[in-house]
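K.L.:
predicted structure and sequence below. I'll ask about it afterward.
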Amino acid sequence: MFYIYCPYCGEHREEEEFHPKGQAHLSRPTDPDACSDEEWGDYLYFRDNPRGLHHEIWVHAIGCRKFFNATRDTQSYEILETYRMGDAPRVTHFTDTQKS
Ligand SMILES: [Zn+2]
């Protein structure tokens, strides 16, 4: 078991209280009618699946029930940061001490 920091509750809670909800920072096309079928399909169905840093949406399902973002190392499962929806991630690449 490990703990995840909820940026809304302001405390670390057991991982079992949270659920991942997929890739973060997706932007809906501003004019879907102007999209090609391929562009719209990419937006609806295709997500990044990196080996390393990944920005994800999580929800504190058994808690405040709010959605937030997390930056996670997909290899080690380590969550490097959590931050509120609308905020930008601080961790955008590995530092020397965060080797994947
Ligand atoms: Zn919470």
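P.N.:
Cool, the structure landed.

K.L.:
contacting residues around the nearest residue to residue 84 once chain neighbours are set aside?
P.N.:
Nearest residue to residue 84, sequence neighbours excluded (Cβ to Cβ, 6 or more residues apart in numbering): residue 7, at 4.9 Å. C-beta here means a position set from N, CA and C on the backbone, and glycine is covered the same way. The contact partners of residue 7, by Cβ atoms under 8 Å, 6 or more residues apart in numbering, come to 68, 82, 83, 84.

K.L.:
let me see the backbone angles for residue 7.
P.N.:
Per-residue torsions, residue 7: phi -70, psi -10 (degrees, to the nearest 10).

K.L.:
same check on residue 80?
P.N.:
Note on residue 80: its backbone torsions stand at phi -90, psi -30 [degrees, to the nearest 10].

K.L.:
any residues of this structure in contact with the ion? List them.
P.N.:
Residues of the chain lying close to the ion by Cβ under 5 Å from the ion are 6, 8, 9, 60, 63, 64.
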